[in-house]
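Model the following, please.
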Amino acid sequence: MNMTVPEPGLAAPERSAVKAELISNIVQYLGRDPATATKRDWFYALAYFLRARLSAARIAVWRRNFARDAKWTYYLSLELLPGRLLKTCLHSQGITDVCRGALADCGIDLEDLWDIEVEPALGNGGLGRLAACLLESMAALRYAGLGYCIRYEYGMFRQEIEHGEQVEYAENWLKDINPWEFPRPDFTFPVHFNGQVTQVTNWRGELDVHWTQTDNVNAMAYDMPVVGADSETTGMVRLWSAKATADFNLAYFNRGDYVEAVQDKAQSETLSRVLYPSDTTAMGRELRLKQEYFLVSASLQDILQRHLSRGLTLDQLSSHVAIQINDTHPVLAIPEMMRLLVDVHRMGWDQAWNHTVNVFSFTNHTLLSEALEAWPVALIEALLPRHLQIIYEINYRFLRDVMHQNPGDTDMLRRMSIIDENPPRSVRMAHLAVVGSHKINGVSQTHTRIMRQTLFRDFDRLWPDRIVSLTNGISQRRWLADSNPGLERLIDSRLSGDWLRDFDRIKELESHADDDGFRAEFAAVKRANKERLAHLIQERLGIAIDPQSLFDLHIKRIHEYKRQLLNVLQVVGRYNRIRSHPADIQPRTVIFAGKAAPGYVMAKRIIHLINSVADIVNHDPAVAGLLKVVFMPNYGVQLAEDLICAGDLSQQISAAGTEASGTGNMKLALNGALTIATHDGANSEIAEAVGAENIWMCGHDFEELQHLRAGGYNPAALYESNPEIKQSLDMIRSGYFSPGHPDLFVPIFDSLIKGGDQFMVLADYDDYVRAQMEIDDAYRNSALWTRKAILNVARIGHFSMDRLVRQYAGEVWGSAPVPN
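Now for the predicted structure:
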């Protein structure tokens, strides 16, 4: 049957046609009179107009993918941070001006609509933003793909600062209509928990496995568009929402037990209520495990159904399907795939395992033991009894092979086992991922090297080709074109053609770094961005900052290993130096942003310290005009866009060997910020790309820190021998920054001096301050600083997500772009 769909890629619609569509949407979708419609109504009308175009484009893309018999790549991630879509969609389709005009004809200013949109609260930080960039790039480059995540109703949390402390509030991003999504009740799959497993031999002599008496919940799909590079490249992400199998128990209701009548529904739908329930309680840990299985079970059922609906057989699975696991959260997909293939589709174990390994690949994002999930055997046995049996079988067969290759080495068996036998026994999810995937990638060269030497050393010896290095990337369309239009226009004036699509061409800017006129225009763009940020900070926080000061950004999740504490300690030292010798000091505004996990007490205390230091510093007349400290609450994608385009200095100072890659380092460099960095994550690769003279590297590298620890690192001795460290820490400990509560920050002092300084803050302090002083000197020479900033932009092209997706496709997924 010929069912014509509006073709994407047509010329931009006429202004009058857009106006008619908007008015029609006000009437048909919102039931409002256009004469009395609010700005919010017009936002929805525009979003629905754009959604229709995206939907038509997505249908055409999928038809093309199916017609070309493309291999599909699926991306499983417990987090997703796409950001606001309105501006991105208008920009990618090249219809911003025509829509602006159509709205003006209706008496509406497009500029008034941007802030009405609520960004989807489906993630916490870099993990979710990486997923969004990857899906966008897959769409832009024409790879057949689909992302999966959970449609969290409340997301992470909304962060507010009260009396200097982080306070968490529910972030109900779905309280209003989400105009971009399509509810898909026709794509609903059952997900099972608990119950019991029975095994019987059928009349053919085959083993039948039955998982019965389960507690069930339905996973219903909601589809959202992924905006690619233009109107011809649109992808999709499918979000799962938990729905009860039965909404209402009439018998309880008729007896007058109104609460019990809806209790099952409420409990079932809790699954998709909140991102990352607190793992400080047993119930929170159980809910988090259930969320992880909910995601993978629904997604794999959907993937297999789509595969079979194409007329393909399961024997063709690994040649037509690739699944990327983003961190350890979705690793239960491996035993779930085995359950579906063996128990449901009756495939033999060996054949099923071969397909499973060849379908899955795994991205490791951490070396920290606390972030490497290990689920108690008892919990998995209760919630997912069949999956524990499958994990045991996978482990038995794997260890048998290891034993055959390393006879007598029982210690190696213990180290490599998927099951950690130390009480309480647990399932090592990272080990399960390595055993069940054909490729494992680190996300920077440094991270991959350390991963091979430490975490997965035995696995690397067993399978030397399984672990590969694929350095993270970012979307230049989102993090330059959308978020920094002034810089995009400037680059457009010098580079011809579609340089955003062929981003290696950004290197051509190098030839303009010594052009006085270009440097002046570049500096003017940065100045305008800084002025906008200064206005935003004044408006939101009531803090006046000087756009001529150096804007020093430390914006990322708050964690001890990311060492916001090192920066605060340096700020206190700078404050003391200004008070002692105020002459010839480079004015600086130090801006922090980031959320701490609700149960992470030390991270929340560091936020409190930052705000307490800011309160003293910002009100001290002795440092007026020379130092300001700002903490921007509720860090998210939109705030990141506001901050990153205005940054002069990018703080990337995690302890060496703790940050896997980072992407904030790339985003800030792309927008002309210079970087102060430790030898961690992708920082060394960025230094190699932009040139050692255009970045400040500081601190010990991983091997040096290991040597320090092995030699008996003594932070107390550093404290006693370094007057600046001692003065700053004594001020923090004594209550200088918390006069009403003098003991408030004693735990921070103790963590460094008595607690061993786990993340080597004091070990790197002197070299960090040395680099900061060099930065002050460099910033005073505005022409030289601007030249360095231009070279950072010009040389950062390698860190485009487009490059990373092409690497994944060629080295891991075995997929190719789908031609028209």
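
What's the separation between the residue lying closest to Trp499 once chain neighbours are set aside and His210?
Sequence neighbours aside, Arg505 is the residue nearest to Trp499 in space, at 4.4 Å (criterion: Cβ to Cβ, 6 or more residues apart in numbering). C-beta here means a position set from N, CA and C on the backbone, and glycine is covered the same way. Separation of Arg505 from His210 (Cβ to Cβ, to the nearest Å) stands at 59 Å.

of these two, who's got more company?
Higher neighbour count among Arg505 and His210: Arg505, with 16 against 13, using other Cβ atoms under 10 Å.

distance of the more buried one from Ser800?
11 Å.

what does Gly94 give?
21 Å.

out of the two, which sits in the more crowded spot?
Ser800 (26 against 12).

Is it correct that that one is in contact with Thr471?
No. Using Cβ atoms under 8 Å, Ser800 is not in contact with Thr471; the gap is 10.9 Å.

Secondary structure element holding the residue located most distally from the centre of the chain?
No residue in the chain sits farther from the centre than Trp203, which is 50.6 Å out by Cα atoms, centre = their mean. Mapping Trp203 onto the secondary structure by DSSP states H and E places it in no helix or strand at all.

Would you mind listing the residues in contact with Ala221?
Pro183, Arg184, Phe187, Thr188, Arg238, Leu239, Trp240, Ser241, Ala298, Asp302 (Cβ atoms under 8 Å, 6 or more residues apart in numbering).

Can you tell me how far it is from Ser92?
24 Å.

how far away is the residue farthest from the centre of the chain from Val209?
Trp203 is 16 Å from Val209, by Cβ to Cβ.

Just the buried residues of the host helix or strand of Ser299, please?
If you go by DSSP H and E, Ser299 is part of helix 282-309. Using 16 or more other Cβ atoms under 10 Å as the test for burial, helix 282-309 gives 285-304, 306-307.

do you know how far Leu113 is from Ser77?
29 Å.

doesn't Gly195 make contact with His210?
No. With contacts counted by Cβ under 8 Å, His210 stays clear of Gly195, the gap being 9.5 Å.

Next, Trp211: secondary structure please.
strand (DSSP: H, G, I helix; E, B strand; the rest coil).

what's the spacing between it and His192?
Taken as Cβ to Cβ, the span from Trp211 to His192 is 6 Å.

Likewise for Asp764?
50 Å.

picking that back up, and of the contacts of Ala221, the nearest to Leu729?
Distance to Leu729, by Cβ to Cβ, is smallest for Leu239 among these, at 46.4 Å.

Identify the residue nearest Arg151 in space, chain neighbours excluded?
Closest to Arg151 by Cβ to Cβ, 6+ apart is Leu239, at 3.6 Å.

beta partners for the one you found?
Going by DSSP bridges, Leu239 is paired in beta bridges with Cys149, Tyr222.

The one 4 residues further on now?
In this structure, Lys243 bridges to Asn218 when assessed by DSSP bridges.

quick one: contacts for it?
Thr188, Val217, Asn218, Ala219, Met220, Ser268, Glu269.

Then Asn722?
Contacts of Asn722 (Cβ under 8 Å, 6+ apart): Leu762, Tyr765, Asp766.

okay, it: pLDDT?
On pLDDT, Asn722 comes in at 97.

mind checking the backbone torsions on it?
With angles defined as degrees, to the nearest 10, Asn722 sits at phi -110, psi 110.

Can you show me the CA trace of the helix or strand Arg449 falls within as PDB?
Here Arg449 is covered by helix 445-453, with elements defined by DSSP H and E. Taking C-alpha atoms only, helix 445-453 is exported to PDB below (Å, rounded to 0.1, in the frame of the first residue of the first chain):
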ATOM      1  CA  GLN A 445      43.700   7.000  26.100                       C
ATOM      2  CA  THR A 446      44.700   7.600  29.700                       C
ATOM      3  CA  HIS A 447      41.600   5.900  31.100                       C
ATOM      4  CA  THR A 448      41.900   2.900  28.800                       C
ATOM      5  CA  ARG A 449      45.600   2.400  29.600                       C
ATOM      6  CA  ILE A 450      44.900   2.500  33.400                       C
ATOM      7  CA  MET A 451      41.900   0.200  32.900                       C
ATOM      8  CA  ARG A 452      44.100  -2.300  31.200                       C
ATOM      9  CA  GLN A 453      46.800  -2.100  33.900                       C
END
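
Quick check: buried residues in it?
Buried-residue list, helix 445-453, by 16+ other Cβ under 10 Å: Gln445, Thr446, His447, Thr448, Ile450, Met451, Arg452.

which residues touch it?
By Cβ under 8 Å, 6+ apart, helix 445-453 touches 364, 367, 441-442, 460, 467-469, 471, 657, 659-661, 679-685, 702.

coming back round to it: which strands and helices sit next to whichever helix or strand comes after the helix holding Ser299?
Per DSSP H and E, helix 282-309 leads on to helix 317-320 as the next helix or strand towards the C-terminus. Where contact means 3 or more Cβ pairs under 8 Å, 6 or more residues apart in numbering; DSSP states H and E, helix 317-320 is packed against helix 282-309, helix 349-359.

The helix or strand just after helix 317-320 pairs with which strands?
For helix 317-320, the following helix or strand on the C-terminal side (DSSP H and E) is strand 321-326. Partners of strand 321-326 in the sheet, by DSSP bridges, are strand 72-76 (parallel), strand 360-363 (parallel).

what lines up beside the helix or strand just after the shortest one in the sheet?
It stands for strand 360-363. Once the chain leaves strand 360-363, the next helix or strand it forms, by DSSP H and E, is strand 374-376. Strand pairing for strand 374-376, determined by DSSP bridges: strand 426-428 (antiparallel).

Can you name every helix or strand that the helix or strand just after the partner strand contacts?
Using DSSP H and E, the helix or strand that follows strand 426-428 towards the C-terminus is helix 429-435. Under the contact criterion of 3+ Cβ pairs under 8 Å, 6+ apart, helix 429-435 touches helix 333-338, strand 360-363, helix 385-405.

Export the strands paired with strand 321-326 as a markdown table, with columns for mean neighbour count.
Shown next, in a markdown table, are those (neighbours: other Cβ atoms under 10 Å):
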| stretch | mean neighbour count |
| --- | --- |
| strand 72-76 | 24 |
| strand 360-363 | 26 |
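
Mean pLDDT and distance to Ala132 for these - can I get that in TSV?
What follows is those, written out as TSV (pLDDT from 0 to 100; distance: least, Cβ to Cβ, whole Å):
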stretch	mean pLDDT	distance to Ala132
strand 72-76	98	10
strand 360-363	98	15
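
Same list (those strands) but as a markdown table, adding distance to His554.
Output for the strands paired with strand 321-326, formatted as a markdown table (distance: least, Cβ to Cβ, whole Å):
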| stretch | distance to His554 |
| --- | --- |
| strand 72-76 | 30 |
| strand 360-363 | 26 |
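
Nearest to Leu413, out of these?
strand 360-363 (21.7 Å).

Show me how far that closest one is from its chain's centre.
Per Cα atoms, centre = their mean, to the nearest Å, the displacement of strand 360-363 from the mean C-alpha position of its chain is 17 Å.

Ranking helices and strands of the protein by mean pLDDT, which lands last?
helix 258-261 (a mean of 48; mean pLDDT, DSSP states H and E).
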